[in-house]
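K.L.:
sharing a sequence plus its predicted fold:
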Amino acid sequence: MEQNRPLTLLVCALGGEGGGVLTEWLVDIARHAGYAAQSTSIPGVAQRTGATTYYIEVFPVPLAQLAGRRPVFSLSPVPGALDAIVSSELLETARQIGNGMSAPLRTLVISSSARIFTTAERMEPGDGRADAQRLVDVVKAFSREHHVFDMNAIARDSGTVVSAVMLGAIAGSGLFPFPREAYEHVVRGGDTSAPEKLNKMAAASLRGFAAAFDAVSAPRTQAAFVNSVMAGDTADAPPPARALPDELARRFPPAVHDMLALGHARVLDYQDTAYAALYADRLAQVLDAERAADPAGAHGFAITREAARWLALWMAFDDIVRVAALKGRASRAQRVRQEVRATDEDIVKVYDHFKPGAAEFAALLPPALSRRVTAWDRGRQARGLAPWALPLKVGSHSVFGMASLRLLSSLRWLRRRGSRFAEEQALIERWLAAVERGTREAWALGHELALCGRLIKGYGSTNERGKENLLHVTDHLAAQPGQAPAVRAQSIEAARTAALADDAGRALDAALVAHGAPARPVKAQPIRWMKRKPNSGA
């Protein structure tokens, strides 16, 4: 430790994570220990486009030993001159390194492995997530020492906020010349009581602090963790598949079991055992086609696996019954209480806002009646009125509100009789028929058609657009006369990639035309309704 310059630390935290509290803690610890310290902050931007950064400098020599002299501090960090970076989010860590803040021979980097996806990542129609392995590579390459672990998981398990975990990581790193007791004294709020006599918030913060302190102070454990992250073993890995019924386990090869178990459980939860049986029967038809094209299973039954994934998601399409069922679950209430960090004594009130329109209600009605409702709504719009919708505010914390959600979710029997259910099943059959035909013709062609199920996502206009794109691709590219199956497979792959890269569809149209298929038909733009403001003029 150099004695003639301040120790410099950059803290990166997202909104609501207590970065300001962490900074105050560190400054208080330094001053109570007799050291000079200074902090500044730069606010971030809302909607996950950046983090708020806090810059802290601590002079490593006690004021009592400076003989009346005072150190001179800087107001902002200097790229390449930081002793440490502590960040609550992996991409933010890499972003600061990309800004030149970390020096490979000087900077200690402590980062959470957790991800809070950015706006740009969420806007991508396909999988827009940044590669976690590449982010960890950046951390390793541009730090003299690194500690990467899931701070969010420790905060959840401890019942505290991530700022307490970050403080424990800083203390465990030995960056500042303060004993552990000095950190814990500030976390306690000056209370010297035994841990069991502290208030719940302070006790939880101490648990999070201790867990992070131990994680960072054990470098061998941290090295093993980083290696596991590089191997893909992260805390965000999907949970193990549910147990697969014996009948299905015998019916399908082991390579499909994990995806089949998840899909079967989802469809069963969505509707009933008959619907789950239909899911298995449909998948069995795909399996028969794949076995005909690849008897030895050399490709690991990849077509059946992809069909199992996307078929389950499509069959469990969102509607008002599904939304009510999800919002009325006890697990959701528990998750809300955990997110707001409510104690057993706290009263939490949750209000859910719904605004189902005519299309949502018509979806549950028989086709003839559904057509009358939608025609009535179109007539309203032709007369200059806004599309009909029913705004609702339901207090799911109350008996009446929860009873309303449970009543609506119990109407799943009505779903089978609804117009949308029939329409979705017909579209699903068209897609599966194309997958089966393509698979029997050539394995690669069937695989690309199965992957097209990825185009179905979201709800409302996004969902409708995805179905239109999928059917247009299968109708015009899967059965082009005179083209070899391998060429058609490449065309479908290009069109699917274009559809996922551009939500507006311009890239898809260009890909379709480039491969000899017509562009999608031009549709009239929907009317955007706005409330008129009263005329304030004379």
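P.N.:
Yep, that arrived. Numbering: from 1, shown residues only.
K.L.:
Ser111: what secondary structure?
P.N.:
What DSSP: H, G, I helix; E, B strand; the rest coil gives for Ser111 is strand.
K.L.:
okay, the closest residue to it other than its chain neighbours and Ala51: tell me how far apart.
P.N.:
Leaving aside its chain neighbours, Ser111 sits nearest to Thr93 (4.0 Å; criterion: Cβ to Cβ, 6 or more residues apart in numbering). For glycine as for every other residue, the C-beta is placed from the backbone atoms N, C-alpha and C. Distance of Thr93 to Ala51, given as Cβ to Cβ, to the nearest Å: 10 Å.
K.L.:
what do the two both touch?
P.N.:
Counting by Cβ atoms under 8 Å, 6 or more residues apart in numbering, the common neighbours of Thr93 and Ala51 are 12, 87.
K.L.:
hmm, back to that, who's in contact with the residue nearest to Ser111?
P.N.:
With Cβ under 8 Å, 6+ apart, Thr93 has these contacts: 12, 85, 87, 109, 111, 135, 139.
K.L.:
at 6 Å what do you get?
P.N.:
87, 111, 139 (Cβ atoms under 6 Å, 6 or more residues apart in numbering).
K.L.:
one more: Leu75?
P.N.:
Thr40.
K.L.:
first-to-last residue distance for stretch 309-324?
P.N.:
End-to-end distance for stretch 309-324: 24 Å, by Cα to Cα, to the nearest Å.
K.L.:
now it: mean pLDDT?
P.N.:
For stretch 309-324, mean pLDDT rounds to 91.
K.L.:
report the buried residues of stretch 348-360.
P.N.:
Buried positions in stretch 348-360, judged by neighbour count with 16 or more other Cβ atoms under 10 Å: 350, 352, 354, 356, 358-360.
K.L.:
and that stretch, average pLDDT?
P.N.:
88.
K.L.:
what comes into contact with that stretch?
P.N.:
By Cβ under 6 Å, 6+ apart, the residues outside stretch 348-360 that reach it are 320, 327, 336-337, 342, 373, 377, 387-397.
K.L.:
that one: end-to-end distance?
P.N.:
30 Å.
K.L.:
give me the pLDDT for Gln222.
P.N.:
So Gln222 comes in at 45 (pLDDT).
K.L.:
before we move on, what about Glu424?
P.N.:
pLDDT, read off for Glu424, is 93.
K.L.:
what's the burial count for the nearest residue to it once chain neighbours are set aside?
P.N.:
Using Cβ to Cβ, 6+ apart and skipping residues adjacent in sequence, the residue nearest Glu424 is Phe317, 5.6 Å away. Neighbours of Phe317 under the rule other Cβ atoms under 10 Å: 18.
K.L.:
nearest residue to the middle of this protein?
P.N.:
Phe117 (6.1 Å; Cα atoms, centre = their mean).
K.L.:
doesn't that residue lie inside a strand?
P.N.:
No - Phe117 sits outside any strand when classified using three-state DSSP, being coil.
K.L.:
mind telling me what element the closest residue to it other than its chain neighbours is part of?
P.N.:
In space, and not counting its chain neighbours, Phe117 is closest to Arg129: 6.4 Å by Cβ to Cβ, 6+ apart. If you go by DSSP states H and E, Arg129 is not part of any helix or strand.
K.L.:
then the one 10 residues further on?
P.N.:
Val139 is located in helix 132-141, with elements delineated by DSSP H and E.
K.L.:
which elements pack onto that helix?
P.N.:
In this structure, helix 132-141 packs against helix 90-98, with contacts taken as 3 or more Cβ pairs under 6 Å, 6 or more residues apart in numbering; DSSP states H and E.
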